[in-house]
Every structure is written in C-alpha cells, then in structure tokens.
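Visitor: return a 3D structure for these sequence lines:
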Amino acid sequence: MVIDDSKTIRRTAETLLKKVGCDVITAVDGFDALAKIADNRPNIIFVDIMMPRLDGYQTCALIKNNNAFRSTPVIMLSSKDGLFDKAKGRIVGSDQYLTKPFSKEELLGAIKTHVPSFVPVERAS
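Guide: Below you'll find the model as predicted:
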C-alpha cells in the first residue's frame, strides 16, 4: 500500500511496484488509508509523513496500535531526512524511513527486508 497526498509519488511507486509483480493499493491520506487497510490487509505500507487531515506519524501510530496490523511493516516516506524526523518515526512504530525521491532499489529493498516471502517478477511495461 502507498499512502501519499502527491499523485505523482503514488503513481511512481505504483508503477515501480506493479512492474515487479506487486498488487498495489493507494490512498490519498491517512483517513482514506485506514478503511482500505482493514479491507485489503496489505503486506507492507509506505506512508508519507506530510499529509492533510491525518499525517504519516498519526497514521502509523493508529496502524501499530491495532492488534490486527501491529506486525504489518510501515515504511515512512519523507522529503526530510533529519534525525528528529527519523526518531519520531521510530517512536510511532515505523519499521524503516525512506527519503524522497526514493529509487526503485530503495523501494524494493524495503519490501525484501520486511516481506520475506516477496519474490520480484519483472513484468514488461
């Protein structure tokens, strides 16, 4: 799952992930994401920090405080790479922190690290 208020980021991540065989669910913010998480039970969640209504820290905390989703890996996405931002991400339970713009390798590396069953399958565009 990719949660980001930027259509560009959502599309970029979705395209990269679909090319390697992932089913991708997208959401525009935390509120949009919470219902989709319950319905789809994603294997990993990428969440932007800076979003309207419910930011990435709040979204991550809500996911990690829910027993059904506590073990679901949450990867924070941010254009900030400061120590404070990374620490705050850890405090709310994030499993990893990627700085935007992220590369295909970083995105796939996070999935390989946190979803051991993931095997990328190169698909033609």
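Visitor: can we go C-alpha only for contacts and neighbour counts from here?
Guide: Noted.
Visitor: now do the helices in the chain.
Guide: In the chain, the segments counted as helices under DSSP state H are 7-19, 30-40, 56-64, 83-91, 104-114.
Visitor: next one: the worst-scoring helix or strand of the chain on mean pLDDT to chain centre, how far?
Guide: In the chain, no helix or strand scores lower on mean pLDDT, DSSP states H and E than helix 83-91, which sits at a mean of 91. Centroid displacement of helix 83-91 relative to its chain, using CA atoms, centre = their mean, to the nearest Å, is 16 Å.
Visitor: i'd like the first residue to be 671 from this point on
Guide: In the new count, where the first residue is 671, that last one comes out as helix 753-761.
Visitor: for that helix, name the packing helices and strands.
Guide: Counting contacts by 3 or more CA pairs under 8 Å, 6 or more residues apart in numbering; DSSP states H and E, helix 753-761 packs against strand 766-769.
Visitor: partners of the strand it packs on in the sheet?
Guide: strand 744-748 (parallel) (DSSP bridges).
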